[in-house]
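Trainee: quick one, what's the 3D model for this:
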Amino acid sequence: MQHFPIFLDMRGQRVVLSGGGEAALAKLRLLVKTEAKLSVYAQDAHPDLVKLLDGHGDTLTPRALDRGDVLCAKLFYAANEDAAEDARVAEIARAEGALVNIVDNLQDSQFITPAIVDRDPVTVAIGTEGAAPVLARAIKRDLEERLPARLGLLARIGKAFRPMAERLPFGRARRDFWAEYYFNAGPRAEDPEQALEALLDQHLSAAPRQGRVDFVGAGPGDPELLTLKARNALDRADVVIHDRLVTPEILELARREAVLIDVGKTGFGPSASQDDINAQIVAQAAQGAHVVRLKGGDPSVFGRLDEEIDAVEAAGLDWQVVPGITAASAAVAGIGQSLTKRGRNSAVRLMTGHDAKGLAEQDWRALAQPGAVTAIYMGKRAARFVQGRLMMHGAAPETPVSVVENAARADQRVVETSLAHMAEDIGAAGLDGPAITFMGLAPRQAVHAAQTATDISEEIA
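Mentor: You can find the predicted model right below:
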């Protein structure tokens, strides 16, 4: 982000504009909406510009800008539509302490004015850092259609009413009140102010709302793979209790006021105990908070979901599960394969390399059958153990093995190997991100290459 968006308090501040043509007029139409004191310098001013300034009570000086004209100004606009003149006046403005914007000259400007959707006091600013002004205008047009003209009136009434709303408990109770006003009661009411008072009485007399828990799957880490229901839950959450595998990009989607609590676990390393996590979830929700228990992948796959649900139910709290894309689904897409395939396998097994007691025992005989496909979660450190068990039960040494690290993320890596070499190759790859191991699946390009080589050898024979 090169340009940091801020909203300046323009009450009584001096803003100077140099230029009198169409470019200056376009800037002035925005500036007259502020509470700034405007000074325009132009030898030949557009008639509409003169009319606009007269109606706003600001000054027009019918000459070119000179030294001393920008003193005490906060902002300066060079809009002469002449590169040499814009450069001259911009140099004066910088020397006299104003922030400078040169119209259609992003490189030499110190700030930019975004496209604006004005529903005063609600203001939406849209910027593309000069990269795509057509896109900014399209977004502005879309927002103007979505945001009713009455929104500004509702916001002004709401602003005046805020001290009254402080009678409600801080946090969720107030958010629910304002959401009901802005998105339901207010837009429908003939008298929004009267509706606001009635709504406050209704919320003050209502019983305190009980906390709840949403068990939400964060998917493999790519924010674009998060479900809409998961996004909505994060947007409403008071508290987000998350695992280590939840990416920063996903956590960024939580409400700014939400409390983020990291209870991440590390395989074979120091971890928060499950009992402590259960207690944390219950304690937060018991205080009336909307808790999102955010788990990497899908909460129902090796996420100890049942234990947490049991704890929440025992406390008499409401809950729901919001599924996510599990690592196996994301990773198999990364190697261009499917988990099941007619004529190859009619079943797939999801297993874990280790559980709460250590390395996990499985039905190794079934897993070793030809054509079997298995997705092994948390299997990096268990690679040699899994390799030994499978080969001991008759699995072919050449069985293809694919390890996908950081599935569906920008830094995804795929290690292609075989059962005979999997432990060594996984160790040599130095994988330090979350990884899932596929037994019986090779990347699609490897399968294609092997099939091509077989066809060629058969033709030669």
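Trainee: SS state for Val403?
Mentor: Classification of Val403 using DSSP: H, G, I helix; E, B strand; the rest coil returns strand.
Trainee: where do the strands sit along the stretch 51-200 of the chain?
Mentor: With DSSP state E, counting those that start in this stretch as the definition, the stretch 51-200 of the chain shows strands at residue ranges 59-61, 73-78, 99-102, 115-119, 122-126.
Trainee: just name the most buried of these.
Mentor: Highest mean neighbour count among the strands of the stretch 51-200 of the chain (mean count of other CB atoms under 10 Å): strand 73-78, with a mean of 26. Bear in mind the C-beta positions are built from the backbone N, C-alpha and C, glycine included.
Trainee: show the average pLDDT along that one.
Mentor: Strand 73-78 comes out with an average pLDDT of 96.
Trainee: find the nearest non-adjacent residue to Ala136, please.
Mentor: Spatial nearest neighbour of Ala136, chain neighbours left out: Ala115 (4.4 Å); criterion: CB to CB, 6 or more residues apart in numbering.
Trainee: likewise for Cys72?
Mentor: Arg14 is the one closest to Cys72 (CB to CB, 6+ apart), at 5.5 Å.
Trainee: what pLDDT does that neighbour get?
Mentor: 95.
Trainee: and for it, the neighbour number?
Mentor: 17 (other CB atoms under 10 Å).
Trainee: if I pick the spatially closest residue to Leu53 that is not a sequence neighbour, what's in contact with it?
Mentor: Nearest residue to Leu53 in three dimensions, chain neighbours excluded: Leu60, at 5.1 Å (CB to CB, 6+ apart). The contact partners of Leu60, by CB atoms under 8 Å, 6 or more residues apart in numbering, come to 40, 42, 45, 49-50, 53.
Trainee: recalculate using a threshold of 10 Å.
Mentor: Counting by CB atoms under 10 Å, 6 or more residues apart in numbering, Leu60 makes contact with 17, 20, 38-42, 45, 49-50, 52-54.
Trainee: secondary structure element for Arg256?
Mentor: Using DSSP states H and E, Arg256 is not contained in any helix or strand.
Trainee: would you confirm that Val100 contacts Ala78?
Mentor: Yes - with contact defined as CB atoms under 10 Å, Val100 reaches Ala78; the gap is 6.8 Å.
Trainee: any common contacting residues for the two?
Mentor: Residues within reach of Val100 and of Ala78 at once, by CB under 10 Å, 6+ apart, are 16, 86, 89-93, 108-109.
Trainee: what segments of the stretch 301-450 of the chain are strands?
Mentor: Counting by DSSP E, counting those that start in this stretch, one finds strands in the stretch 301-450 of the chain at the ranges 318-322, 349-352, 354-355, 358-359, 374-377, 400-405, 413-418, 435-439.
Trainee: lowest-confidence stretch among the ones you listed?
Mentor: For those, mean pLDDT drops lowest on strand 358-359, to a mean of 66.
Trainee: much appreciated, bye for now.
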